[in-house]
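# got a structure for you, letters missing:
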């Protein structure tokens, strides 16, 4: 089954081969599952890949904005205050950052819709929990492969570490801990995205007054602040991104394995 829609660079095949060897039993079970072949055949790949491109482009732009936001968090936490000009400049950039964030997750919703319509969501619910647990091990070839999708979207090491801190306790089994289906996880993610947007709305109007200038890392300060007392799940919006990144990594592995005859 050619999966050339992924346009995998040939220089990544060694990485894919390593990931396949590390997950061979799991990948083989997924590949021979009749549900997978039927669902992949029904997937609107043009819509799916177009949405992934839109996600990557918008998330890269949003992450540039978010890195500036994090630097200002760190400055206020460390010094107890921000220069008014810095805060005002950031507030003026919020509309563009918000636009990129919303566009990125609109693209994620489009990908989810395509997966559900094709039936691939059922395949994911069946096979991904056994695979995604390896993401706890940063050195695992599959973990490294999945991380590449985040890095290409402009995610920093600190942001990845924060993601791992939040989700390692559930062993990346989102289907078991968050919801039994992709649809239910998507609904959960929507709440998280609204929480993130509420932060931007508050910052646009009030600046960084929700940061008290206490010593500690940005993640701690925000989670401890008043604005996120009831919306501390903002990081959970990334659950859907992690699931789709893992799926894309698996499809890339299958493509490489099928190309060299491993899957026959």
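Yep, it's here. Not measured: the values here are computed from a predicted model.

# Pick out the residue nearest the middle of the chain.
Most central in the chain under CA atoms, centre = their mean is residue 241, positioned 2.8 Å from the mean C-alpha point.

# Return the set of buried residues in stretch 45-61.
Buried residues in stretch 45-61, counted by 16 or more other CB atoms under 10 Å: 48-49, 51-52, 54-56, 58-59, 61. In short, each C-beta sits where N, CA and C put it, glycine included.

# surely the residue nearest to the centre of the chain meets residue 111?
No. If you go by CB atoms under 8 Å, residue 241 and residue 111 don't touch, sitting 9.6 Å apart.

# and for those two, which residues touch both?
Any residue near both residue 241 and residue 111 by CB atoms under 8 Å, 6 or more residues apart in numbering counts here, and that gives residue 55.

# out of the buried residues of stretch 45-61, which one sits closest to residue 102?
Of all these, residue 58 has the smallest distance to residue 102: 8.4 Å, by CB to CB.

# for the helix or strand where residue 62 lies, what is the average pLDDT?
Element membership of residue 62 [criterion: DSSP states H and E] is helix 45-79. For helix 45-79, mean pLDDT rounds to 89.

# Quick one: list the elements packing against it.
Applying 3 or more CB pairs under 8 Å, 6 or more residues apart in numbering; DSSP states H and E, we find helix 45-79 packed against helix 84-118, helix 157-167, helix 218-224, helix 238-259.

# Could you single out the most deeply buried of these?
helix 238-259 (a mean of 22; mean count of other CB atoms under 10 Å).

# How far does that one sit from its chain's centre?
Relative to the chain's own centre, helix 238-259 is displaced by 12 Å; criterion: CA atoms, centre = their mean, to the nearest Å.

# Stretch 108-115 now?
Distance, centroid of stretch 108-115 to centroid of chain: 13 Å (CA atoms, centre = their mean).

# repeat for stretch 257-264
28 Å.

# go on, stretch 135-145?
Worked out by CA atoms, centre = their mean, stretch 135-145 lies 15 Å from the chain centre.

# Same check on stretch 87-97?
24 Å.

# check which helix or strand covers the residue nearest to residue 33 when sequence neighbours are not counted.
Leaving out its chain neighbours, the residue that sits closest to residue 33 by CB to CB, 6 or more residues apart in numbering is residue 123, at 6.6 Å. Using DSSP H and E, residue 123 sits in helix 120-132.

# In that helix, which residues are buried?
Quick answer for helix 120-132 (16+ other CB under 10 Å): 120-125, 127-129, 131-132.

# just for the stretch 1-150 of the chain, where's the confidence low?
Regions of the stretch 1-150 of the chain meeting the criterion pLDDT under 70 cover residues 1-11.

# how about 50 then?
Counting by pLDDT under 50, the ranges of the stretch 1-150 of the chain that qualify are 1-5.

# How about the contacts made by the closest residue to residue 15 other than its chain neighbours?
Leaving aside its chain neighbours, residue 15 sits nearest to residue 145 (6.0 Å; criterion: CB to CB, 6+ apart). Taking CB under 8 Å, 6+ apart, we find residue 145 in contact with 15-16, 19, 249, 252-253.

# what's the spacing between residue 145 and residue 17?
Going from residue 145 to residue 17 by CB to CB, to the nearest Å gives 11 Å.

# What of residue 113?
32 Å.

# Contacts for stretch 242-249, please.
So stretch 242-249 is contacted by 6, 19, 52, 108, 111-112, 115, 120, 124, 128, 131-132, 135, 142, 145-146, 148-150, 163, 167, 172, 174, 182, 185 (CB under 8 Å, 6+ apart).

# average model confidence for it?
Rounded mean pLDDT across stretch 242-249 is 90.

# repeat for stretch 170-190
On average, stretch 170-190 scores 90.

# That stretch: which residues count as buried?
For stretch 170-190, by 16+ other CB under 10 Å, it's 172, 174-175, 178-179, 182, 185-186, 188-189.
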